[in-house]
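In: Structure of the sequence below:
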Amino acid sequence: MSRYDLRPRRPLRADPGGQTAGDPTLGRRGPGPAPAAAAVETTSKGDGQLFLVLLAVRLLNAAVVQTAHVPDEYWQSLEVAHNMVFGYGYLTWEWQAGLRGFTYPLVFASMYRLLAVLKLDSVTLLVLLPRLLQGSFTALCDLHLFKVTRKLHGKGVAQWTLLCQLLSVFMFYCGPRTLTNSMETVLTTAALYYYPWPQEPAARGTSKQVYLYLTLAALSCVVRPTAAIMWIPLCLLHWANSRNKLYTVMLHFLPVGLGALAWSAVVDRIFYGKWVLVQYNFLEFNILSNLGSFYGSHPWHWYFSQGFPAVMTTHLFPFIFGAVKFWRKQKLVLLVILWTVVVYSFLGHKEFRFIMPVVPLAMISCGLWLHWLSPWLRATTVAFLLVTNLPLALYTSLVHQRGTLDVMSYLSQEAHQQHQGMSVLFLMPCHSTPFYSHVHHNISMRFLECPPDWERRPGYMDEADSFYQNPTAWLERNYGPDAPLPTHLVMFNTLHVHVENFLTQQKFTKCAEFFHTHIPLEGRIGNYVLVYCRVSAM
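Out: Residues are numbered from 1 along each chain as shown. Predicted coordinates for the structure are as follows:
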């Protein structure tokens, strides 16, 4: 018999202390304060040991991730941090319009500054260490998911919930990436642990606990303002359950909220050089004006029909079973998930990563289901999750869409050898590759830009669309007889046939080729990334 009673199909009943009844070691109360203190000490020590294991797992996870996912993991974090520390690095139109805050890039800028002071700012460390740092943050997310589940449903359920989290291909693929969504997920999950859940014995929470959850929630909104979507109903519920509502607003909500806004305003004032309220600008652009739909729009049901099923992959089955079987035990969690997905569904521009913060919450339902199953069915389900998630996680992290990173490593080496006079033109969809953060040499580089049309002009076409409409005409227009040619051209193999004459006329020859993907996600993306060098420049 294991230490924990995981007998099949026994109903889960939470005892008054928030532990799961039926577990012979959980939920016991000693006659006095000494046993309780010992239990706290044992739990703290166990959590510390668990974190070390999770840290090792996520650091390995971060080291395995060697592919590109979306441009924002570089252009909204590392590229900005590189500009902050080294004085060069491209700031996209979002930063010129004041839509982004510097708080998240400041994390990596601090790391870059330390490396620069120690004269260890090699391109290898500039690329690897931020991912390892975000992997460490993801380990904290895993730990707090375990702790909040243990608080709500007991240690048995928490163990299976954590296992489901670790087996999630989406968390493996996105967790260590330097995305604001990844950091939002970490802060949100940690805040949920300190949140005063209604089923807790002291549902209103201590002042320290309330300040912790509000601070973490506020920081998640500073990092990504749409995090407020999840926190608005939870904060309203907390306010409704509080004994002194005015006290809660005046001494909890307002001080933390205003403090977070002040922090954001001061940090952005320093790096923008003027006062900017990025939270309003972000919400105005993405929600009030819906200009984000310029980068693609989806039908209202996309998160339900494709988005949520895709991020859950095969975890969708235990999630649905757990949600149906134990909906009474996790009504608030399920309502928060539903609310978040529904609100995001009203936005035209949708991406899988936008709903990343609900994934850890969804794992609680999976954990409840696994805990309820018989040992044989539980082992079969875990094996099914492992077999269906691990190969996909390794393929997407090691193989799929790696060419755009490999080519930057090559260009960095080229820049190190021939720094003077080197120039690169990226003939690819905008932001297909990282930029100066992955080259770390102040050479001339240009890519096809794609800013939105702020004036909503009919027939507007950005530079990338204009190029792909007629590549040869664009090249002749921008690089005529008197215009200096770049020394290197970078493109996907699908473009070669359209610019072959230009390459021949201008004496470009292929000098490198990198595998990118077996499955291009759109017509402009190819299976390989090609580099062409001008003969006279070689």
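In: P357 is in contact with T189, correct?
Out: Yes: if you go by Cβ atoms under 8 Å, T189 and P357 touch, sitting 7.5 Å apart. C-beta: built from backbone N, CA, C; applies to glycine.
In: in this protein, which spans are strands?
Out: Along the chain, counting by DSSP state E, strands occupy 13-14, 20-21, 423-427, 444-447, 488-492, 508-515, 528-534.
In: Within the sheet, what are the partner strands of the last one, with directions?
Out: When pairs are called by DSSP bridges, strand 528-534 turns out to pair with strand 488-492 (antiparallel), strand 508-515 (antiparallel).
In: how far off strand 423-427 does the first one point, in degrees?
Out: Read it as strand 488-492. 20 degrees (axes from the mean of the first three to the mean of the last three Cα atoms, to 10 degrees).
In: starting at the chain centroid, how far to strand 488-492?
Out: Centroid displacement of strand 488-492 relative to its chain, using Cα atoms, centre = their mean, to the nearest Å, is 28 Å.
In: Report the rounded mean pLDDT for that strand.
Out: Mean pLDDT, strand 488-492: 97.
In: And the contacts of that strand?
Out: With contacts defined as Cβ atoms under 8 Å, 6 or more residues apart in numbering, strand 488-492 is touched by 407, 411, 414, 422-428, 432-433, 499, 503, 508, 511, 516, 520, 524-526, 528-534, 537.
In: Just the buried residues out of those, in ChimeraX syntax.
Out: Buried members of those can be picked out in ChimeraX with the line below, counting by 16 or more other Cβ atoms under 10 Å:
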select :407,411,414,422,424,425,426,427,428,432,433,499,503,508,511,516,524,525,526,528,529,530,531,532,533,534
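In: coming back round to it: what's the closest of the strands of the chain to K329?
Out: Nearest of those to K329, taken as Cβ to Cβ: strand 13-14 at 7.1 Å.
In: Quick one: mean pLDDT for that closest one?
Out: For strand 13-14, the mean pLDDT works out to 44.
In: Check stretch 54-72 too.
Out: The average pLDDT within stretch 54-72 is 97.
In: Need the winner for burial among the strands paired with strand 528-534.
Out: strand 488-492 (a mean of 24; mean count of other Cβ atoms under 10 Å).
In: wait, which of the strands of the chain is closest to M363?
Out: From the strands of the chain, taking Cβ to Cβ, the stretch that ends up closest is strand 20-21, at 16.6 Å.
In: For the stretch 51-200 of the chain, which segments count as helices?
Out: Along the stretch 51-200 of the chain, the stretches classed as helices by DSSP state H, counting those that start in this stretch are 72-75, 78-86, 93-96, 103-117, 123-153, 155-167, 169-174, 180-194.
In: Spatially central residue in this protein, please.
Out: With distances taken as Cα atoms, centre = their mean, S182 lies nearest the centre of the chain, 2.6 Å away.
In: That one is in contact with G135, isn't it?
Out: No: with contact defined as Cβ under 8 Å, S182 does not reach G135; the gap is 9.5 Å.
In: which residues are in contact with both of these two?
Out: G175, P176.
In: so P486 touches C533, yeah?
Out: No: if you go by Cβ under 8 Å, P486 and C533 don't touch, sitting 9.6 Å apart.
In: quick revisit: of all the strands paired with strand 528-534, which one is nearest Q199?
Out: strand 508-515 (51.3 Å).
In: pLDDT score for the residue nearest to F426 when sequence neighbours are not counted?
Out: Using Cβ to Cβ, 6 or more residues apart in numbering and skipping the chain neighbours, the partner closest in space to F426 is F447 (4.1 Å). Reported pLDDT at F447 in the predicted model: 96.
In: Quick check: L390 vs F384, distance?
Out: To F384, L390 is 11 Å away according to Cβ to Cβ, to the nearest Å.
In: If you could redo that for L368, that was the one I meant.
Out: L368 sits 17 Å away from F384, taking Cβ to Cβ as the criterion.
In: what about the residue nearest to F426, how many neighbours?
Out: A count of nearby residues for F447, using other Cβ atoms under 10 Å, gives 20.
In: Surely it is in contact with Y436?
Out: No: if you go by Cβ under 8 Å, F447 and Y436 don't touch, sitting 11.4 Å apart.
In: got a list of what the nearest residue to D72 once chain neighbours are set aside touches?
Out: Excluding its sequence neighbours, the residue lying closest to D72 (Cβ to Cβ, 6+ apart) is L179, at 5.9 Å. With contact taken as Cβ under 8 Å, 6+ apart, L179 is in contact with H69, V70, D72, E73, Q76, S77, R353.
In: Just the closest of those to P375, please.
Out: R353 (35.7 Å).
In: Would you mind listing where the stretch 401-538 of the chain has pLDDT under the threshold?
Out: Scanning the stretch 401-538 of the chain for pLDDT under 70 picks out 419, 536-538.
In: Could I get the full set of helices for it?
Out: 403-418, 463-469, 471-478, 496-505.
In: pretty sure F508 is touching V535, no?
Out: Yes: using Cβ under 8 Å, F508 is in contact with V535, at 7.4 Å.
In: that older thread, who's more crowded, L368 and F384?
Out: Between L368 and F384, counted using other Cβ under 10 Å, the more crowded position is L368 (29 against 14).
In: re earlier: the contacts of L179 into CSV, with extra columns for distance to I320 and neighbour count?
Out: Formatted as CSV, these follow (distance: Cβ to Cβ, whole Å; neighbours: other Cβ atoms under 10 Å):
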residue, distance to I320, neighbour count
H69, 26, 18
V70, 28, 17
D72, 30, 19
E73, 30, 25
Q76, 34, 23
S77, 34, 26
R353, 22, 22
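In: Can I get the residues you listed in CSV including distance to R477?
Out: As requested, the contacts of L179 are exported to CSV (distance: Cβ to Cβ, whole Å):
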residue, distance to R477
H69, 33
V70, 30
D72, 30
E73, 32
Q76, 31
S77, 34
R353, 36
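In: Now do the contacts for V358.
Out: With Cβ under 8 Å, 6+ apart, V358 has these contacts: M230, F308, V336, I337, T340, V341.
In: 6 Å instead?
Out: Neighbour list for V358: I337, T340 [criterion: Cβ atoms under 6 Å, 6 or more residues apart in numbering].
In: State the pLDDT value of it.
Out: Reported pLDDT at V358 in the predicted model: 98.
In: Residue numbering should commence at 493 henceforth.
Out: Happy to do that; since the first residue is 493 now, the last one works out to V850.
In: Any regions of the stretch 743-892 of the chain where pLDDT drops low?
Out: Counting by pLDDT under 70, the stretch 743-892 of the chain shows low-confidence ranges at 784-786.
In: which residue sits closest to L546 in space, ignoring its chain neighbours?
Out: Take L546 and drop its neighbours on the chain: the residue closest to it by Cβ to Cβ, 6+ apart is A631, 4.2 Å away.
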